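**Student:** What would the 3D arrangement of this be:
(chains A and B)
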Amino acid sequence: MTQLDAVMAKVRSENRAALIAYIPAGFPSQAGCAKAIKALAEAGVDAIEIGFPYSDPVMDGPVIQEAANISLKAGTNAAEVFAALKVASRTGVAAVVMTYWNPIAKYGVEKFAQSIAENGGSGVITPDLTIEESDEWIAATKKSGINPIYVVAPSTNDERLKNVTAKTGGFVYAASMMGVTGTRDAVASTASELVARVRTVTDLPISVGLGVSTREQAKSLARYADGVIVGSAFIKLLLEAPSEQAGLDAISHLAKELALGVREGR
Amino acid sequence: MIIEGHFGEYGGRFVPEALIGALEELEAAHNAAQKDPAFIAELAELHRTYTGRPSIITEAKRFAEHAGGARIFLKREDLNHTGSHKINNVLGQALLTKRMGKKRIIAETGAGQHGVASATAAALMGLDCVVYMGEEDTRRQALNVARMKLLGAQVVPVTSGSKTLKDAINEAMRDWVTNVADTHYMLGTVAGPHPFPTMVRDFHKIIGDEAREQILVLTGKLPDAVLACVGGGSNAIGIFNAFIPDAGVRLIGLEAGGDGVETGRHAATITGGSPGVLHGTRSYVLQDANGQTIESHSISAGLDYPGVGPEHAYLHDIGRAEYRAINDDAAMAAFELLCKTEGIIPAIETAHALAGALIVGKELGPDANLLINLSGRGDKDVQTAAEYFGIPL
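**Tutor:** So this is what the prediction gives:
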């Protein structure tokens, strides 16, 4: 059982949803990232996803692209990702990495899974790894005892939902809509339909991501989802803040709001 | 061994889950169409009456004098409507788009050849068309931007990343993830997730099928070598495919060496890259130690891509095809030579294959027959070439 499994069980026993925050390693700076992780944990976030910045992020909108560019220009690589993961896990929250596949393939599949475990990580979200290409990865995650977290989308049919969730650990990442990451005014109705369909094929916790940025949205998602994932909204605050401290204050404030939201849904 | 969607260890699908449904739908539509006499007849009729197929073969006698005396035959894809081989693929995919009931196509383009071809097919078949093009390339290929607009397409300059073909593909994929229900992504080369490498090859294999018959009639035998330039690799697969079972025919792909592979400023993915995943497929990739894509460099916008089709990676690894790098200067020398010896202005992409022929011809000697895919014409490159040769405009 990973720390993530424990956190998801705990929030279920508290009859609420988990708040899961995303931040790319090395953003807004190496030191700033560590501070942001601590601020998020202190504000009541249950789990943190550390993003591995990648040169060709086809699932990401402009906000995360910009953050990834800033981080890559500062020289972020696997070592910084694992360092950030360690910082996150030491705060006591469940810590996972979110990465496109090629950095894992280049690092070494088994070695990557092992490094995740060694740095206190619970699992890895792989948004462009299909289950058909996953044999080596699944074996590696089993060996290291970490959760392979897969994304499902509104377009995923029922048959496939069964197959994808069968390979998944920790939680199922349900993409709320067809699209890339970024804040949206409203969370699409496709989210509740997808979560309902996933429920019929698995008992795993289901977390919803894409487009969430407000306490109200977190509250409405928490009615039916086990976790609420927020990324671009935090990054936008850090990008727009006049100073690093102002950015940290802003994400701390938002995280506290969202933490209330995930407790108000039911 | 080739299993569905894979070429040895290459190919496959590395894409967001949101796209799987569309890829499965496309695969099914393509497989059904390949067995449907009505589809085959419709595409053949379009090629006869619109593309201008079969394309002819021209023997380049004066050019061959500079290639060790080998006989050189040019498969004239430059004479197709829209000026390159790209039309073969877009007409096929546009017919599939209609069969799938989709009304909108999106495409990426580097040099603009595939964008122009996509805009053309969309105009012909009444589809909406959006073309993503790196901002850098919209400047290099301004004429093609105007051409696409005249054809009714919307051209979106891409300002992210390196602002070239790689980033245009990223942006097209983001559009597709968002609008996949009514949109077909008309990918322009034999890369990307399955079924694209297979499907795009199937639409281009007509090049090699025609050429093999034509060369047998012309010379009574198979050529000693078949040469083509390789960016993503669609024209090369198109002409190679028919000759793959002919063990005696050497298949030679010419990659863009840019300033020289040793300088790091190049687009020679097989020569200078390593296995990895980019844009949904596993193949050779120009990448750093962390798996981040390295920006490619080439005088030719159409070859300026840090990936390559997975079938090429496979043909390379099993030794069936060989890949060499041609530097910018060698390509431009061959470009000029073809202009002045044959009265044919080739695309700068294609000039890489011509430069390869000058080398391979000398290696094989005067008894050799070389078949080159003259994949595109150079009208679009006049400005780049004029700047290169110092011709005032």
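
**Student:** check contacts around residue 24.
**Tutor:** No chain was given, so I picked chain A. A:33, A:50, A:51, A:52, A:53, A:64, A:67, A:68, A:71, A:76, A:235 (CB atoms under 8 Å, 6 or more residues apart in numbering or on different chains). Using the backbone N, CA and C atoms, a C-beta is placed for each residue, glycine as well.

**Student:** could you redo the last one with a cut-off of 7 Å?
**Tutor:** A:51, A:53, A:67, A:68, A:71 (CB atoms under 7 Å, 6 or more residues apart in numbering or on different chains).

**Student:** Please name the bridge partners of it.
**Tutor:** Residue A:24 forms beta bridges with residue A:51, as assigned by DSSP bridges.

**Student:** Sort out which one of the contacts of residue A:24 lies nearest residue B:81 for me.
**Tutor:** residue A:68 (41.0 Å; CB to CB).

**Student:** Just the pLDDT for the spatially closest residue to the closest one that is not a sequence neighbour.
**Tutor:** Using CB to CB, 6 or more residues apart in numbering or on different chains and skipping the chain neighbours, the partner closest in space to residue A:68 is residue A:53 (3.8 Å). At residue A:53, the predicted lDDT confidence score is 98.

**Student:** Shouldn't residue A:53 be within a helix?
**Tutor:** No. Counting by DSSP: H, G, I helix; E, B strand; the rest coil, one finds residue A:53 to be coil, located in no helix.

**Student:** For it, the count of nearby residues, please.
**Tutor:** Neighbours of residue A:53 under the rule other CB atoms under 10 Å in any protein chain shown: 29.

**Student:** same question, residue A:244
**Tutor:** 15.

**Student:** ok, and the closest non-adjacent residue to it?
**Tutor:** Counting by CB to CB, 6+ apart, the residue nearest residue A:244 is residue A:32, at 5.3 Å.

**Student:** how close does the one you found get to residue A:38?
**Tutor:** As judged by CB to CB, to the nearest Å, residue A:32 and residue A:38 stand 11 Å apart.

**Student:** that older thread, please identify which of the contacts of residue A:24 is nearest to chain B.
**Tutor:** Minimum distance to chain B across the contacts of residue A:24 is 8.4 Å, recorded for residue A:53 (CB to the nearest CB).

**Student:** Correct me if wrong: that closest one contacts residue A:74.
**Tutor:** No. Contact criterion CB atoms under 7 Å: residue A:53 and residue A:74 do not qualify, at 9.3 Å.

**Student:** anything in contact with each of those two?
**Tutor:** residue A:26.

**Student:** Residue B:229 in helix, strand or coil?
**Tutor:** strand.

**Student:** dump the residue contacts of whichever residue of the stretch 101-250 of chain A sits closest to chain B.
**Tutor:** Closest residue of the stretch 101-250 of chain A to chain B, CB to the nearest CB: residue A:106 (3.1 Å). Each residue near residue A:106 by CB under 7 Å, 6+ apart is listed here: B:276, B:287, B:290, B:291.

**Student:** check which helix or strand covers it.
**Tutor:** Using DSSP states H and E, residue A:106 sits in helix A:101-107.

**Student:** secondary structure element for residue B:188?
**Tutor:** Secondary structure (DSSP H and E) places residue B:188 outside all helices and strands.

**Student:** measure it to chain A for me?
**Tutor:** Using CB to the nearest CB, to the nearest Å, one gets 17 Å for the distance from residue B:188 to chain A.

**Student:** List the contacts of that residue.
**Tutor:** Contacts of residue B:188 by CB under 7 Å, 6+ apart are B:86, B:89, B:107, B:108, B:109, B:114.

**Student:** Now tabulate the residues you listed in CSV and tack on neighbour count, pLDDT and secondary structure.
**Tutor:** Conversion of these to CSV gives the following (neighbours: other CB atoms under 10 Å in any protein chain shown; pLDDT from 0 to 100; DSSP: H, G, I helix; E, B strand; the rest coil):
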residue, neighbour count, pLDDT, secondary structure
B:86, 31, 97, helix
B:89, 28, 98, helix
B:107, 30, 98, strand
B:108, 31, 97, strand
B:109, 32, 94, strand
B:114, 30, 94, helix
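
**Student:** So the most centrally placed residue in chain A: helix, strand or coil?
**Tutor:** Of all residues in chain A, the one closest to the mean position by CA atoms, centre = their mean is residue A:49, 4.1 Å from it. Look at residue A:49: counting by three-state DSSP, its state is strand.

**Student:** same deal with residue B:58?
**Tutor:** Per three-state DSSP, residue B:58 ends up strand.

**Student:** in the sheet, who's paired with it?
**Tutor:** Under the criterion used (DSSP bridges), residue B:58 bridges to residue B:74.

**Student:** ok, it - how many residues close by?
**Tutor:** Other residues close to residue B:58 by other CB under 10 Å number 17.

**Student:** Does it touch residue B:76 like I think?
**Tutor:** Yes. Using CB under 7 Å, residue B:58 is in contact with residue B:76, at 5.7 Å.

**Student:** Tell me where chain A has helices.
**Tutor:** Applying DSSP state H to chain A gives helices spanning A:3-13, A:30-42, A:62-73, A:78-90, A:101-107, A:109-118, A:135-144, A:158-167, A:190-199, A:215-222, A:232-240, A:244-264.

**Student:** Kindly state the pLDDT recorded for the closest residue to chain A within the stretch 1-150 of chain B?
**Tutor:** Among the residues of the stretch 1-150 of chain B, residue B:18 lies closest to chain A, at 3.7 Å counting by CB to the nearest CB. Predicted confidence (pLDDT) at residue B:18: the value is 94.
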